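Visitor: Provided below are the primary sequence and the corresponding predicted coordinates.
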Amino acid sequence: MSAPTPVPLAAQELGAGPPVLVLHGLLGQGRNWASLARRLARGRRVLLVDLRNHGRSPHHPAMTYPAMAADLAALVESRGLGRVAILGHSMGGKAAMVLALTRPELVERLVVVDVAPVDYGPRPDFEAYLEAMLAIDPARFARRAEVEAALAEVAPDARIRAFLASNLDVREGRLAWLPNLGVLRRALPEIAGFPAELPAAPTDLPALAIRGGRSDYVRPEHLPTFRRLLPALRLETVAEAGHWVHVDAPEAVLALLERFLQSA
C-alpha cells in the first residue's frame, strides 16, 4: 500500500521556544484551544493545527489516521520543527498517537486528551450532527444564530449547537460550512476506529493521558491497550470535567500540561 499523500495543514502559531502541536477533535478547529494555548505559549512555540477537512486546511477524500499522521509529519518537517511535543483531543488525540507510533523520531512527548486507542463503534450522536449540518444550506440564513436555531432539534444543548455553528464561515457575503461534511460523514466509522497492528512507542517516550471524570471515553478496559502501545503512559483524571476537559476545567488541564511539558 502506498504512503498517504499529505496535505498542507493550516496552523496558527503563538509564542517562541520548544514546539508544541495542538490538535482538535472531530468538527473542531485549532482555535478551539486558543485561550489555553496563549498561556502555554509563554516560552513555547505553540501551533494550533486545523486537521484535514477541518477549519482552514484543505479538503481531501481520504480521512484516515495514517493520512492525518502523514499531514502532521509533513508539517513538522516543512517548518523545521525538529522533535515536537504533541497534544491531541479526541480525534486529534488518535492522530497524535498514530504519529508517535509510526514516526517516533518526530515526537519528543505526547499528550492525549479524553480518548483511547480503540474502536468506539457506531457514533449516533455525530451521525445525527453531520446529517443535520449536511441538510442545512447556511447561505439561506443571514445570521449564525439562525443556523444554530435550525440545529436545535438534533442538538438541544446550546453549547453543542454553538460548537457546531462555530464551523460557519462567510464567503462572498454568504454563510458557508468550513468542514468537508460529506467526507466526514462517510469516514465516521474510520474516525471512531483506530488502526490495527501499530508498533508500540519507544519505552522512553513520555506520554500523558488526561481523561474527564464525567466522560466515558477512557474506560478501565481500555487501559491495557493504552499501556501496551505507550509503555511510559501516565494517566490523570480531572474529576469535574466531561469529554471537553479543556473547556470544563481549563485551570486543571493547564496545570497538568505545564508540569508534564516542563519535566523534559
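Guide: Looks like it arrived, so ask away. Residues are numbered from 1 along each chain as shown.

Visitor: so how far is residue 234 from residue 66?
Guide: Using C-beta to C-beta, to the nearest Å, we find residue 66 at a distance of 26 Å from residue 234. In this view, the C-beta of every residue, glycine as well, is placed from N, C-alpha and C.

Visitor: So the two - more neighbours on which side?
Guide: More crowded of residue 66 and residue 234, by other C-beta atoms under 10 Å: residue 66, with 17 against 13.

Visitor: Tell me if I'm right that that one and residue 195 touch.
Guide: Yes - look at residue 66 against residue 195 with C-beta atoms under 8 Å: they come within range, at 6.5 Å.

Visitor: Give me the common contacts of the two.
Guide: By the contact definition C-beta atoms under 8 Å, 6 or more residues apart in numbering, residue 66 and residue 195 are jointly contacted by residue 98.

Visitor: Now do the helices in this protein.
Guide: 34-40, 65-78, 91-102, 124-135, 144-150, 158-165, 181-186, 188-192, 223-229, 245-248, 250-261 (DSSP state H).

Visitor: roughly how far out does stretch 197-206 sit from the chain middle?
Guide: Here the centre of stretch 197-206 is set off from its chain's centre by 20 Å, with C-alpha atoms, centre = their mean, to the nearest Å.

Visitor: Straight-line length of that stretch, end to end?
Guide: Length of stretch 197-206, first residue to last, C-alpha to C-alpha, to the nearest Å: 21 Å.

Visitor: Redo the helices of the chain as JSON lines? Include distance to residue 7 and mean pLDDT.
Guide: JSON lines is the format used below for the helices of the chain (distance: least, C-beta to C-beta, whole Å; pLDDT from 0 to 100):
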{"stretch": "helix 34-40", "distance to residue 7": "22", "mean pLDDT": "96"}
{"stretch": "helix 65-78", "distance to residue 7": "6", "mean pLDDT": "98"}
{"stretch": "helix 91-102", "distance to residue 7": "13", "mean pLDDT": "98"}
{"stretch": "helix 124-135", "distance to residue 7": "20", "mean pLDDT": "97"}
{"stretch": "helix 144-150", "distance to residue 7": "27", "mean pLDDT": "96"}
{"stretch": "helix 158-165", "distance to residue 7": "23", "mean pLDDT": "95"}
{"stretch": "helix 181-186", "distance to residue 7": "12", "mean pLDDT": "98"}
{"stretch": "helix 188-192", "distance to residue 7": "16", "mean pLDDT": "98"}
{"stretch": "helix 223-229", "distance to residue 7": "26", "mean pLDDT": "96"}
{"stretch": "helix 245-248", "distance to residue 7": "26", "mean pLDDT": "96"}
{"stretch": "helix 250-261", "distance to residue 7": "28", "mean pLDDT": "97"}
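
Visitor: Go through the ones you listed and pick out the most buried.
Guide: helix 91-102 (a mean of 26; mean count of other C-beta atoms under 10 Å).
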